[in-house]
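Trainee: Model the structure of this input:
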Amino acid sequence: MPLNRREFMRIMGVAGAAGMLPGSVFAMRKSPSDLYETPKFGNVRLLHFTDSHAQLLPVYFREPNVNLGIGPAFGKAPHLVGTRLLEHFGVPTGGVEAHALTYLDFEKGARKYGSVGGFAHLATLVKRARAEFGPEKTLLLDGGDTWQGSGTAYWTRGQDMVEACNLLGVDVMTGHWEFTYLQKEVIDNVNAFKGDYVCQNVKVKDDVMFDYEFEDFDGFNEDTGHAFKPYTMRSLGAVRVAIIGQAFPYTPIANPQRFIPDWTFGINDDDMQALVNQIRQQEKPDAVVVISHNGMDVDLKMASVVSGIDAVFGGHTHDGMPGAIEVANAGGKTLVTNAGSNGKFLGVMDMDIRGGKVRGYRYKLLPVFSNMLDPDPEMAAYIEKVRAPYLDKLTEELGTAEEVMFRRGNFNGTFDQLICDALRVQGDADVSLSPGFRWGTTVLPGEPITMENVLDQTCMTYPETYVREMTGEQIKVILEDVGDNLFNEDPYYQQGGDMVRVGGLDYVCEPAQTIGNRISDMTLDDGRKVEPNKTYKVAGWATVGSKSPGEPVWEVVADYLRDRKSARLDKINTPKLKNVKGNPGISKYPRMS
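Mentor: Next comes the predicted model:
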C-alpha cells in the first residue's frame with residue numbers, strides 16, 4: 001500500500017533524527033524533516049509549474065530511461081537519466097526523491113509512494129508555499145501546456161482548466177498547446193483567465209493587421225504587432241519584477257496553423273534582447289525573469305546569447321530538474337530551470353534581491369505526492385463538479401494493463417506501442433505511425449485501462465486517423481525529419497518532442513549522424529526489407545496540414561482494447577541504436593551498440 005502522509009512524515013522524522021537525510025533535498029542545502037518544508041531565503045519567492053496537460057486528478061508518470069544528449073549536450077542536464085541524473089544533482093538513490101525524478105524501480109516506487117499531481121493537492125502545496133513566505137512576496141508562474149491533454153479539456157475547449165488555474169491562483173503564464181484551439185477560443189480563454197498571459201514572440205501577421213478580428217483584445221498592440229502582452233510588471237513587497245513570456249516558437253509547424261492563421265511565432269532572440277534592454281531602461285525593474293515554453297535545450301542556448309535575464313522558468317520538454325543551471329553570458333549569468341510535467345512538481349525559487357540585483361537564490365523542486373498532501377477542499381469540489389457530466393465515458397474500463405504502460409522516452413513507450421498496434425490492426429496496415437508527444441500518463445500492471453487513460457494519451461483537437469499508401473523512401477524521410485528535430489546539435493533546430501513511434505517496423509538509428517544518414521535497415525515485422533520504391537499501407541493520426549478523414553484515434557484504440565480485453569504487447573518496435581553506448585542519457589535499453 002502507498003505510504004500516507006502521516007507514515008511518510010514519521011519515517012522522514014526518524015531518518016532526520018538519525019542523521020540519515022541527504023545534505024541536499026532537491027538542491028536545498030538543508031535537511032528538513034518535511035519534504036515540503038521550504039525555509040525562507042531572501043525577499044522574493046517564485047513558484048513554477050508547467051506542462052500539466054489538463055490533469056486535474058493525481059496520476060502516475062514514469063520518467064524516461066532514454067533522453068539522449070548529442071554533441072555539445074552530451075552528458076549535460078537535462079540529458080541524464082537514472083543514476084546518472086541522481087549523481088549529477090547529488091540526490092540519493094532508493095528514496096522518494098529518486099522515484100520522483102527517475103524511472104528506476106518505477107512500479108515498486110509507484111505502489112509505495114502513490115500517485116502524483118492533481119490540482120487539489122497542488123493547490124494545497126501552493127497555498128502553503130505562499131503562506132510560509134508571504135503572499136505579497138510570492139508569484140505563481142505557469143509555463144503552459146495546461147489547457148490541453150484530457151477529455152474534459154477537449155470537451156470544454158480548455159475552459160475547465162482556465163477556471164482551475166484561476167482557483168489555483170496562477171499569476172502569469174505563457175502557452176503552446178493552448179494555441180491548438182481556434183483563435184477565438186484562445187482569446188476567449190485568455191479573457192477568462194485572471195492572470196497575465198504573456199508571449200513576446202507571438203505577433204499578428206502584417207497582411208491581416210488592418211483587418212484583424214481581435215483588435216479590441218486587451219493584449220493586442222497595433223504599434224508593436226504583439227498579439228498578446230509581451231511582459232508584465234509585478235511588485236512583490238518592495239521588489240519590482242518583470243516577467244516576460246516566451247511561447248513555444250514552433251507552434252505553427254508542430255501543430256496546425258489552420259487553427260491560428262493570423263499569428264506568427266518564432267524563437268526571436270533578437271526581439272527578446274531588445275525587450276529586455278527596453279524593460280531594463282524604461283521600467284527599472286529589480287529583476288527580469290522569463291516564463292518559457294522553448295524547451296530546456298533552447299532555453300540554455302537563449303540564456304547564453306541574451307543577457308539581462310536573471311532566471312528562465314522553462315517548460316515543453318518535461319524535464320524534471322532538481323537544480324537550476326547557471327548559464328554564463330555577456331551580462332553575467334542566467335539561471336535556467338525546468339519543472340517536469342503533469343502537475344508532478346512545483347518549483348520553488350527564493351531570491352535575495354537588493355539594490356536592483358539578484359544577490360543569491362535557493363531552489364527546490366517539490367514532488368507533488370497525493371498521499372502526502374491533503375486535497376484543497378475548494379479545488380476538489382470544483383474538479384468533482386466539472387468532471388461530473390463526463391464520468392460515465394471517462395470511467396469505462398476497456399482492458400487491463402499487462403505491464404507498466406507509459407509513453408515518455410526518445411524512441412518508444414508501451415502505451416505508444418498499444419496505439420500503434422491498434423492503428424495497424426484496425427487499419428489493416430503494414431506500418432503505423434504515432435507522434436512522439438511527451439504528454440500522456442502511466443498505468444500500472446494489473447490496473448484497468450479506462451477511456452480516460454486513452455484520452456490522456458490522445459486527446460487533442462486534430463485526432464483524426466488515416467490509412468494511406470507511402471513508399472519506403474517516404475517513410476524514411478519522415479523518420480529522418482523527426483530524428484533531426486530531436487537530435488540536431490543546434491538547439492534552435494529542435495522542436496522538443498520525441499521520435500515518431502512506429503508499429504510493424506524495425507529500423508537502425510544513429511542519433512549522432514546528420515539528417516538523411518540517421519535511419520537505415522528498415523524491416524517489417526514479417527521480415528521483409530522496406531524498399532525505397534515499393535509502396536506500403538500506412539496508418540496514422542494527428543496530421544498537421546489538412547484534416548484526415550478517419551475517426552478520432554481514441555475510438556480506434558478503444559475499439560481495439562474492447563475486442564481484446566487486455567493490453568498485452570507481443571512486440572515493441574524499438575529501433576536499434578548505433579554509437580550510443582556510454583551516453584549517460586540512456587539506460588536499460590535492449591538494442592544498442
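Trainee: For residue 155, which non-adjacent residue is spatially closest?
Mentor: Nearest residue to residue 155, sequence neighbours excluded (C-beta to C-beta, 6 or more residues apart in numbering): residue 390, at 6.4 Å. The way it works is simple: take the backbone N, C-alpha and C, and place the C-beta from them, glycine included.
Trainee: Wait, residue 132 touches residue 34, no?
Mentor: No - using C-beta atoms under 8 Å, residue 132 makes no contact with residue 34, being 11.0 Å away.
Trainee: ok, the residue nearest to residue 121 when sequence neighbours are not counted - contacts?
Mentor: Nearest non-adjacent residue to residue 121, counting by C-beta to C-beta, 6+ apart: residue 373, 4.4 Å away. By C-beta atoms under 8 Å, 6 or more residues apart in numbering, the contact set of residue 373 is 5, 36, 121, 124-125.
Trainee: again, but for residue 565
Mentor: 399-400.
Trainee: And residue 230, by the same measure?
Mentor: Counting by C-beta under 8 Å, 6+ apart, residue 230 touches 198-200, 224, 244-245, 275.
Trainee: of those residues, closest to residue 560?
Mentor: residue 199 (38.8 Å; C-beta to C-beta).
Trainee: from what I can see the closest one touches residue 178, true?
Mentor: No - using C-beta under 8 Å, residue 199 makes no contact with residue 178, being 9.7 Å away.
Trainee: Next one: the closest residue to residue 182 other than its chain neighbours from residue 157, what distance?
Mentor: Distances taken as C-beta to C-beta, 6+ apart place residue 259 nearest to residue 182, at 5.5 Å, with adjacent residues excluded. Distance of residue 259 to residue 157, given as C-beta to C-beta, to the nearest Å: 12 Å.
Trainee: Selecting buried members of the contacts of residue 230 in ChimeraX, what would you type?
Mentor: Listed next is the ChimeraX selection for buried residues among the contacts of residue 230, using 16 or more other C-beta atoms under 10 Å:
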select :198,199,200,244,245,275
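Trainee: Which parts of the strand or helix carrying residue 153 count as buried, going by neighbours?
Mentor: Using DSSP states H and E, residue 153 maps to helix 151-156. Applying a neighbour-count criterion of 16+ other C-beta under 10 Å, one finds 151-154, 156 buried in helix 151-156.
Trainee: Could you export the residues you listed to a markdown table, including columns for pLDDT?
Mentor: Below are these laid out as a markdown table (pLDDT from 0 to 100):
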| residue | pLDDT |
| --- | --- |
| 151 | 98 |
| 152 | 98 |
| 153 | 98 |
| 154 | 98 |
| 156 | 98 |
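Trainee: Could you export those as JSON lines, including distance to residue 166?
Mentor: As requested, these are exported to JSON lines (distance: C-beta to C-beta, whole Å):
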{"residue": "151", "distance to residue 166": "21"}
{"residue": "152", "distance to residue 166": "16"}
{"residue": "153", "distance to residue 166": "15"}
{"residue": "154", "distance to residue 166": "20"}
{"residue": "156", "distance to residue 166": "14"}
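Trainee: Name the nearest of these relative to residue 344.
Mentor: residue 153 (17.5 Å).
Trainee: Might you calculate how far stretch 130-148 sits from the centre of the chain?
Mentor: Centroid separation between stretch 130-148 and its chain, computed with C-alpha atoms, centre = their mean, to the nearest Å, is 17 Å.
Trainee: who's residue 433 bridged to?
Mentor: residue 502 (DSSP bridges).
Trainee: For it, give its distance to residue 542.
Mentor: Residue 433 is 9 Å from residue 542, by C-beta to C-beta.
Trainee: Likewise for residue 329?
Mentor: On the measure of C-beta to C-beta, residue 329 and residue 542 end up 37 Å apart.
Trainee: And these two? Which one has more around it.
Mentor: The residue with more neighbours, out of residue 329 and residue 542, is residue 542; 20 against 15, by other C-beta atoms under 10 Å.
Trainee: The more buried one reaches residue 461, doesn't it?
Mentor: No - the pair residue 542 and residue 461 fails to qualify as a contact (C-beta under 8 Å) at a distance of 10.0 Å.
Trainee: Need the residue closest to the centroid of the chain.
Mentor: Nearest to the mean C-alpha position of the chain, by C-alpha atoms, centre = their mean, lies residue 318 at 3.5 Å.
Trainee: Enumerate every residue touching it.
Mentor: Each residue near residue 318 by C-beta under 8 Å, 6+ apart is listed here: 51, 338, 340-341, 408, 438-439.
Trainee: same deal with residue 587?
Mentor: For residue 587, the contacting residues are 65-66, 81-84, 103, by C-beta under 8 Å, 6+ apart.
Trainee: could you redo the last one with a cut-off of 6 Å?
Mentor: By C-beta atoms under 6 Å, 6 or more residues apart in numbering, the contact set of residue 587 is 65, 81-82.
Trainee: Just the ones of the residues you listed in strands?
Mentor: Taking DSSP state E, every one of the contacts of residue 587 sits outside strands.
Trainee: I'd like those as a markdown table, with pLDDT and distance to residue 424 appended.
Mentor: What follows is the contacts of residue 587, written out as a markdown table (pLDDT from 0 to 100; distance: C-beta to C-beta, whole Å):
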| residue | pLDDT | distance to residue 424 |
| --- | --- | --- |
| 65 | 98 | 25 |
| 81 | 98 | 29 |
| 82 | 98 | 31 |
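Trainee: could these go into a markdown table alongside distance to residue 89 and neighbour count?
Mentor: Shown next, in a markdown table, are the contacts of residue 587 (distance: C-beta to C-beta, whole Å; neighbours: other C-beta atoms under 10 Å):
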| residue | distance to residue 89 | neighbour count |
| --- | --- | --- |
| 65 | 17 | 20 |
| 81 | 12 | 27 |
| 82 | 12 | 22 |
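Trainee: Quickly name whichever of the residues you listed is closest to residue 216.
Mentor: Closest approach to residue 216 among these (C-beta to C-beta): residue 81, at 48.5 Å.
Trainee: I'd guessed that closest one sits against residue 67; true?
Mentor: Yes - the pair formed by residue 81 and residue 67 meets the contact definition of C-beta atoms under 6 Å, at 5.4 Å.
Trainee: which residues do the two both contact?
Mentor: By C-beta under 6 Å, 6+ apart, residue 81 and residue 67 have these common neighbours: residue 585.
Trainee: wait, residue 241 sits on residue 287?
Mentor: Yes - with contact defined as C-beta under 6 Å, residue 241 counts as touching residue 287 (4.9 Å).
Trainee: ok, and the helix or strand in this protein with the lowest average confidence?
Mentor: Ranked by mean pLDDT, DSSP states H and E, the weakest helix or strand in the chain is helix 5-17, scoring a mean of 42.
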